[in-house]
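In: give the three-dimensional model of this entry:
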Amino acid sequence: VEHMVQVFREVRRVLRDDGTLWLNMGDCYAAQAGQRKTTDRAGAKQQTNTASTDTPSRDVPGLKPKDLVGQPWRVAFALQADSWYLRCDIIWAKPNPMPESCRDRPTKSHEYVFLLTKRPRYFFDQEAVREKAQYGRREWHGDVRGRVGLKAHQAQSTVGGPEDDPSADRNIRSVWTIATQAFPEAHFATFPEKLVTPSIKAGTSEKGCCPACGAPWVRVVEKTGGSIGKGWHDHEGDGSKGQRCELAEAKGSVARCKDEAGRKDSRHTTDWKPSCECRAPLRTACTVLDPFGGSGTTGVVAAKLGRKAILVELNPEYAEMARKRCNIDVQRGLFQP
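Out: From the prediction side, this is the model:
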């Protein structure tokens, strides 16, 4: 934990004041001293996990054998105590987790991604990572067969409800269901490209930044539709009429309205503008830093999204993997040599 704090002090030194830190960490369990032998040989299915199977036993002071170490949260709290703002804990839910031989606990199928920042106000492109809304085909607070409340759509009713709307979206949620991604090389801690994508999209501007000061360009967002500003039960005749999504003339029957295109709560980008006053005539791509470069996934995703990337990796074998991978992507036009 102390080592991670020291590493991210250096990251903090080079990070812009409006920048963000996205930290992914797995967890482990405390074990008895001498329980694991470094001479144990990894099986065929564990070849990508050799770094963990060859490590000495995890004898953690203050923890009992079989205790969950809670390593991600220990690091997150240590960074918070070291002046970082801990803004969000994101659950990476894996639909295809690594099988475990445990018999007295659930199989671990999630990891954490922490969003941390240097300042209370920072760049976050909310629009770039909005996701499709999941309303479901239901009626909201309508008089369905003589009963008031949330009822299934198939029930007979004349009350309008928020049925599935292809144009409807919402702010990104804090649970990301992303399958692990196969990697042909011998690296035990690779993460899928889809895990990196939302972090880069939200943390950097797709329009680029000022070449003079590095300030990102920001969206000009137009909002249409939305709420009329009344609460759920502040409408006349709410019990019998419910709150419609359609814009109606009947008094007190409107909860939400649509825009001219028929979309509910529409938001779209109309323009981009600089967030600084440098008035530079050109823009440059935003830069992503990965202090644990590993196999180079961050660099590959950054290039696909039109960003620059700086990767740091101490392990020569992993650095060669990333270099080889980047060389392949140079040929595909993703990287500039």
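In: what sits closest to Arg283 if chain neighbours are left out?
Out: Gly208 (3.7 Å; C-beta to C-beta, 6 or more residues apart in numbering). The C-beta positions use only the backbone N, C-alpha and C, and glycine is treated the same way.
In: and the one you found, how many neighbours does it have?
Out: 19 (other C-beta atoms under 10 Å).
In: residues touching it, list them.
Out: Contacts for Gly208 (C-beta atoms under 8 Å, 6 or more residues apart in numbering) come out as Pro216, Trp217, Arg283, Thr284, Ala285, Cys286, Gly306.
In: next one: phi and psi at the residue nearest to Ala319 when sequence neighbours are not counted?
Out: Nearest-residue entry for Ala319: Glu313, 4.4 Å, with adjacent residues in sequence omitted and distances by C-beta to C-beta, 6+ apart. For Glu313, the backbone dihedrals (degrees, to the nearest 10) come out as phi -150, psi 120.
In: quick check: next helix or strand after the one helix or strand in the chain whose mean pLDDT sits lowest?
Out: Scoring the helices and strands of the chain by mean pLDDT, DSSP states H and E places helix 50-53 at the bottom, with a mean of 37. Following helix 50-53 in sequence order, the next helix or strand is helix 71-81 (DSSP states H and E).
In: name the residues that touch that next one?
Out: Counting by C-beta under 8 Å, 6+ apart, 1-2, 4-5, 8, 23, 25-28, 86, 89, 111-112, 114, 116 sit against helix 71-81.
In: out of these, which sit inside strands?
Out: Residues of the contacts of helix 71-81 located in strands (DSSP state E): Leu23, Met25, Leu86, Asp89, Glu111, Tyr112, Phe114, Leu116.
In: how many other residues sit next to the closest residue in space to the second one that isn't next to it in sequence?
Out: Right, Met25. Distances taken as C-beta to C-beta, 6+ apart place Pro72 nearest to Met25, at 4.0 Å, with adjacent residues excluded. If you count neighbours by other C-beta under 10 Å, Pro72 ends up with 18.
In: can you give me the pLDDT of Pro72?
Out: Each residue has a pLDDT score; the one for Pro72 is 97.
In: in this protein, which spans are helices?
Out: 2-14, 50-53, 71-81, 193-203, 238-241, 297-304, 316-331 (DSSP state H).
In: if you compare these, which one is most tucked away?
Out: When you average the neighbours per residue for each of those (mean count of other C-beta atoms under 10 Å), helix 297-304 leads with a mean of 23.
In: list the contacts of it.
Out: Residues contacting helix 297-304 (C-beta under 8 Å, 6+ apart): 190-193, 196-197, 200, 288, 290, 293, 308-309, 311, 322, 325-326, 329, 334-335.
In: tell me the mean pLDDT over it?
Out: Mean predicted lDDT for helix 297-304 stands at 91.
In: ok, now stretch 134-151?
Out: 51.
In: for stretch 276-294, same thing?
Out: 94.
In: C-alpha coordinates for it, PDB please?
Out: C-alpha atoms of stretch 276-294 as PDB (Å, rounded to 0.1, in the frame of the first residue of the first chain):
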ATOM      1  CA  CYS A 276      -9.200  28.100 -21.600                       C
ATOM      2  CA  GLU A 277      -8.600  31.600 -23.000                       C
ATOM      3  CA  CYS A 278      -5.400  30.900 -24.900                       C
ATOM      4  CA  ARG A 279      -7.200  31.200 -28.300                       C
ATOM      5  CA  ALA A 280      -4.800  28.700 -29.900                       C
ATOM      6  CA  PRO A 281      -5.700  28.200 -33.600                       C
ATOM      7  CA  LEU A 282      -5.100  24.400 -33.400                       C
ATOM      8  CA  ARG A 283      -5.900  21.500 -31.100                       C
ATOM      9  CA  THR A 284      -3.800  18.500 -30.100                       C
ATOM     10  CA  ALA A 285      -4.800  15.100 -28.900                       C
ATOM     11  CA  CYS A 286      -5.200  14.500 -25.100                       C
ATOM     12  CA  THR A 287      -2.600  12.300 -23.400                       C
ATOM     13  CA  VAL A 288      -3.200   9.200 -21.300                       C
ATOM     14  CA  LEU A 289      -0.600   8.000 -18.900                       C
ATOM     15  CA  ASP A 290      -0.500   4.400 -17.700                       C
ATOM     16  CA  PRO A 291       2.200   3.900 -15.000                       C
ATOM     17  CA  PHE A 292       1.700   0.200 -15.100                       C
ATOM     18  CA  GLY A 293       1.800  -0.300 -18.900                       C
ATOM     19  CA  GLY A 294       1.800  -4.100 -18.900                       C
END
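In: returning to that earlier point: ok, the residue nearest to Ala319 - contacts?
Out: With C-beta under 8 Å, 6+ apart, Glu313 has these contacts: Phe292, Gly293, Gly294, Ala319, Ala322.
In: hang on, Trp92 packs against His110?
Out: Yes - if you go by C-beta atoms under 8 Å, Trp92 and His110 touch, sitting 6.0 Å apart.
In: so between the two, which is more surrounded?
Out: More neighbours surround Trp92 than the other of Trp92 and His110, with 20 against 14 (other C-beta under 10 Å).
In: follow-up on the earlier one: could you flag which of the ones in strands among the contacts of helix 71-81 are buried?
Out: Leu23, Met25, Leu86, Glu111, Tyr112, Phe114, Leu116 (16 or more other C-beta atoms under 10 Å).
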